[in-house]
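*Asks:* My questions concern the predicted model and sequence given below.
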Amino acid sequence: MGMKRIMLACAAGMSTSMLVARMQKAAQEKGLDTEIFAVPASEARSRIEQEPVDVLLLGPQVMYMEAEFKKKLESKGIPVGVIPMMDYGMMNGAKVLDFAENLVRGQ
């Protein structure tokens, strides 16, 4: 799959840090070359302009921003998805990583 940059955006960027760590561990176990990081949703737009990403995952608490991000990022070919609430709540890094991979593949 090559180096992939996965950005997670949530309300404040803090609750997602544990999920990022678990996703990084899952990526390492799969031998994937990824950079996974979290930012507050309020900073996501400017960060994407500065550092292009391959996929944007939104935390369930900011799912209301999905349409706005999809509209803005569609022309850049950056898929956007809301992390499934169950996987987010359980901090299931492997499942969220799979979700991100599927979005990148267009599935």
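*Replies:* Thanks, I have it.
*Asks:* for the protein, what's the longest helix?
*Replies:* The longest helix of the chain (DSSP state H) is helix 16-30.
*Asks:* List the residues that contact Ala100.
*Replies:* Lys4, Ile6, Met23, Val55, Leu57, Gly81 (Cβ atoms under 8 Å, 6 or more residues apart in numbering). The way it works is simple: take the backbone N, C-alpha and C, and place the C-beta from them, glycine included.
*Asks:* can you list these in JSON lines and add distance to Glu43 and secondary structure?
*Replies:* Below are the contacts of Ala100 laid out as JSON lines (distance: Cβ to Cβ, whole Å; DSSP: H, G, I helix; E, B strand; the rest coil):
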{"residue": "Lys4", "distance to Glu43": "20", "secondary structure": "strand"}
{"residue": "Ile6", "distance to Glu43": "16", "secondary structure": "strand"}
{"residue": "Met23", "distance to Glu43": "19", "secondary structure": "helix"}
{"residue": "Val55", "distance to Glu43": "17", "secondary structure": "strand"}
{"residue": "Leu57", "distance to Glu43": "15", "secondary structure": "strand"}
{"residue": "Gly81", "distance to Glu43": "19", "secondary structure": "strand"}
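*Asks:* Out of these, which end up buried?
*Replies:* The neighbour count (16 or more other Cβ atoms under 10 Å) marks Lys4, Ile6, Met23, Val55, Leu57, Gly81 as buried among the contacts of Ala100.
*Asks:* pretty sure the fourth one contacts Ile78?
*Replies:* Same thing as Val55. Yes - the pair Val55 / Ile78 is scored as a contact, 6.6 Å apart, by Cβ atoms under 8 Å.
*Asks:* before we move on, the earlier item: return the closest of the contacts of Ala100 with respect to Gly93.
*Replies:* Met23 (4.1 Å; Cβ to Cβ).
*Asks:* burial measure for the residue nearest to that closest one when sequence neighbours are not counted, as a count.
*Replies:* Computed as Cβ to Cβ, 6 or more residues apart in numbering, the closest residue to Met23 that is not its neighbour in sequence is Gly93, at 4.1 Å. As a burial measure, Gly93 scores 21 neighbours (other Cβ atoms under 10 Å).
*Asks:* in its sheet, what does whichever helix or strand comes after the longest helix of the chain sit against?
*Replies:* Once the chain leaves helix 16-30, the next helix or strand it forms, by DSSP states H and E, is strand 34-40. Partners of strand 34-40 in the sheet, by DSSP bridges, are strand 4-10 (parallel).
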